[in-house]
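1. pasted the sequence and its predicted model underneath.
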Amino acid sequence: MDTVTIPGIPHLRLYLLATAVVLAIWVLARSFAKRYPHPLPPSPPAEPLIGHLRTVPLENAHLVHMRYAKEYNSPLVYFNILGNHIVVLNTNKAATDLLDRRVTLTFMRYGAQWKMHRTVLQNNFTKSSIVKYQYIQEQEARQAVSSIVRDPPQWLLFTRRFASAVVLRIGFGVTIQRDDDPYIQIAADANLATSKGGNPGTALVDYAPWTRFLPDWVINSITLRHAREWSWAIRRLHDVPFAAVLKEFDAGTSKPSVATTLLTKHAENEKQGLPNEFALADIQGASASVFIAGSNTTWGTTTVCIFNLMQNPAVFQKARAEIDRVVGTDRLPSLADRAQLRYLDYIVEEVSRWRPLSPIGIPHRSTQDDVYNDMFIPRGTYVYYNSYAMSRDPSIYRDAEAFSPDRYMPKEEGGAGEPFLSAPFGFGRRICVGRHLAQASVWIFAATLIATMDISKPADAEGKEREQHLKFSTGLSSHPGYFDLAFRPRSEKAKALLAQTMY
Ligand code: HEM
């Protein structure tokens, strides 16, 4: 190494390097040794300088955090990664107290643009405003189940297509017409782009956002490399359907959708010379985020629902008996029947509780110092909510591993009267905008399937049932892997009813 010397200071580079190291040690040591007015939440032992960098698990973080919470008998567990404060909330009460009521929290990784999209979207997805999308959900559910009748081994493809088609139509008014429709590939690529980014909070870029400007050979981060390699897929999802909807809007042929609603408002304001609070780019971003936030998540939940219906024939039969009693067998169930089919609602709620798809939530960040149960949460702390731990809380859910929709039945009707778990959809100001829509999609898919199809575990050549297991990927939201199952139409009449609905 060549050395720069100036009079009195030999080996300047070495000197600068040593100074930088000492400074870094000082900064980190300060952040660890800092005195707070209250103790931090309990935490596992940390290593010098790097803190819990090697303690925070890359896989199944929800299970590890749940274990720590139990070990320390504390709803909050604290970590420090390279001087960054991290708190994991492990009970519904702590998350409700802190995220719904107290700490001012912002959404990580996104920022102002995302906030704008939320505001734009919120009004479109209230319980009453999603009624206008019901016909889309019903048509797509029937289309998907009909496709399963036609080609059962492709059931996973058809459930994917169902989830994508619903949010593409609602976001942009775009309809998937055929099995080889180019939108299927656009949707599949965008789904891949959003599903394999690694566990939230485990990448350096989560704590040092400037590292995203470093080249791959310096940073070697799976999260960053994935984001770079797949950004084109998200771009295409933003651009292609929006270009189509703009063209149709200008021609006056666009179909009802979030994009059309917002474009109409935008055009009216322009016509009347009124200011527009959002630009065309915001409309484009908001419509795309319906797909990005709603496609994989709805698909994952639908798949977990199918798995549990297969594993629990008694649940399946009870739901079918309810449908037969309320709807009969001469027509297909619709979302208008929902108020009278409560057991199906319990199934949908139990699917989200049984396996929250964002098991440690989407990280929030505190914007002010706070104290909770005498534990100090410094300003700037990254706050995770462990919805998996909440779903397994023995003080709330008895036999929490079991898939048991009856747990929600009121006590006066002979049930356990356990509460629904809303944690899988987040907390506070950032709670999922699309939660009512998503639950309605899963509900109508399950209702259509149960009313028309028999499902069972697959059998081997000797007719013996093959056990199936469900594995989940790791990512911002985790997704169920493939499993095998057998589908048969319930009757010729059911098959005919489905066939009438194909478009
Ligand atoms: C079962 C399916 C779904 C699940 C499990 C789910 C879950 C979540 C979760 C955990 C969050 C983060 C909340 C937080 O930070 O506290 C979220 C945010 C969000 N979800 Fe969903 N979601 C689903 C479906 C949908 C659908 C269909 C849409 C379409 C409208 C949607 C739109 C959004 C948006 C826009 C946000 C961001 C909210 C914000 O940052 O302000 N989601 N979702």
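-> Sure thing, it's come through. Numbering: from 1, shown residues only.

2. what sits against the closest residue to Y133 other than its chain neighbours?
-> Ranked by CB to CB, 6 or more residues apart in numbering and with sequence neighbours excluded, the top spatial neighbour of Y133 is I170, at 5.2 Å. The C-beta positions use only the backbone N, C-alpha and C, and glycine is treated the same way. I170 makes contact with Y133, I136, S257, V258, V290, G294, L437, according to CB atoms under 8 Å, 6 or more residues apart in numbering.

3. what pLDDT does the model give the fourth one?
-> V258 is assigned a pLDDT of 91 by the prediction.

4. any idea how far it is from the ligand?
-> Applying CB to the nearest ligand atom, to the nearest Å, the value for V258 to the ligand is 8 Å.

5. how about the residues of the stretch 301-450 of the chain that lie near the ligand?
-> Taking CB under 6 Å from any ligand atom, the part of the stretch 301-450 of the chain that reaches the ligand is made up of 301, 357-358, 361-362, 424-427, 430-434, 437-438.

6. tell me the domain ranges of the chain?
-> As given by automatic domain parsing, the domain ranges for the chain are 1-34, 35-500.

7. quickly compare these and say which is most buried.
-> Ranked by mean neighbour count under mean count of other CB atoms under 10 Å, those are led by domain 35-500, which reaches a mean of 18.

8. how far off centre is it?
-> The chain centre lies 3 Å from the centre of domain 35-500; the measure is CA atoms, centre = their mean, to the nearest Å.

9. save the contacts of I170 as a markdown table, and put in secondary structure too.
-> Formatted as a markdown table, the contacts of I170 follow (DSSP: H, G, I helix; E, B strand; the rest coil):
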| residue | secondary structure |
| --- | --- |
| Y133 | helix |
| I136 | helix |
| S257 | coil |
| V258 | helix |
| V290 | helix |
| G294 | helix |
| L437 | helix |
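
10. closest to the ligand among the residues you listed?
-> G294 (2.7 Å; CB to the nearest ligand atom).

11. skipping its backbone neighbours, what lies nearest the closest one in space?
-> V167 (4.2 Å).

12. mind listing what the one you found touches?
-> Contacts of V167 (CB under 8 Å, 6+ apart): V290, F291, G294, S295, T298.

13. of those, which ones also sit close to the ligand?
-> V290, G294, T298.

14. what's in contact with stretch 136-147?
-> Residues from elsewhere that reach stretch 136-147 (CB under 8 Å, 6+ apart): 154, 158-159, 161-162, 165-166, 169-170, 332, 334-335, 440-441, 444-445, 447-449, 452-453, 498-499, 501-503.

15. that stretch near the ligand anywhere?
-> No. Using CB under 6 Å from any ligand atom, stretch 136-147 never reaches the ligand; the gap is at least 10.4 Å.

16. got the CA coordinates for that stretch in PDB?
-> Below are the C-alpha coordinates for stretch 136-147, written out as PDB (Å, rounded to 0.1, in the frame of the first residue of the first chain):
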ATOM      1  CA  ILE A 136     -66.100  -8.800 -10.000                       C
ATOM      2  CA  GLN A 137     -65.200 -11.000  -7.100                       C
ATOM      3  CA  GLU A 138     -68.100 -13.300  -7.800                       C
ATOM      4  CA  GLN A 139     -67.400 -13.600 -11.500                       C
ATOM      5  CA  GLU A 140     -63.700 -14.300 -10.900                       C
ATOM      6  CA  ALA A 141     -64.400 -16.900  -8.100                       C
ATOM      7  CA  ARG A 142     -66.800 -18.800 -10.400                       C
ATOM      8  CA  GLN A 143     -64.400 -18.500 -13.300                       C
ATOM      9  CA  ALA A 144     -61.600 -19.900 -11.100                       C
ATOM     10  CA  VAL A 145     -63.600 -22.800  -9.700                       C
ATOM     11  CA  SER A 146     -64.900 -23.600 -13.300                       C
ATOM     12  CA  SER A 147     -61.300 -23.700 -14.400                       C
END
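
17. gap between the residue nearest to G294 and the ligand?
-> Computed as CB to the nearest ligand atom, the V167 to the ligand distance reads 6 Å.

18. ok, back up a step: mean pLDDT lowest where, among the domains of the chain?
-> For the domains of the chain, the weakest mean pLDDT is recorded on domain 1-34, namely a mean of 54.

19. so what's the residue of the stretch 51-200 of the chain found nearest the ligand up against?
-> Residue nearest to the ligand within the stretch 51-200 of the chain: R118 (3.6 Å; CB to the nearest ligand atom). Applying CB under 8 Å, 6+ apart, we find R118 in contact with R430, V433.

20. from R435, how far out is A499?
-> 33 Å (CB to CB, to the nearest Å).

21. before we move on, what about G252?
-> 33 Å.
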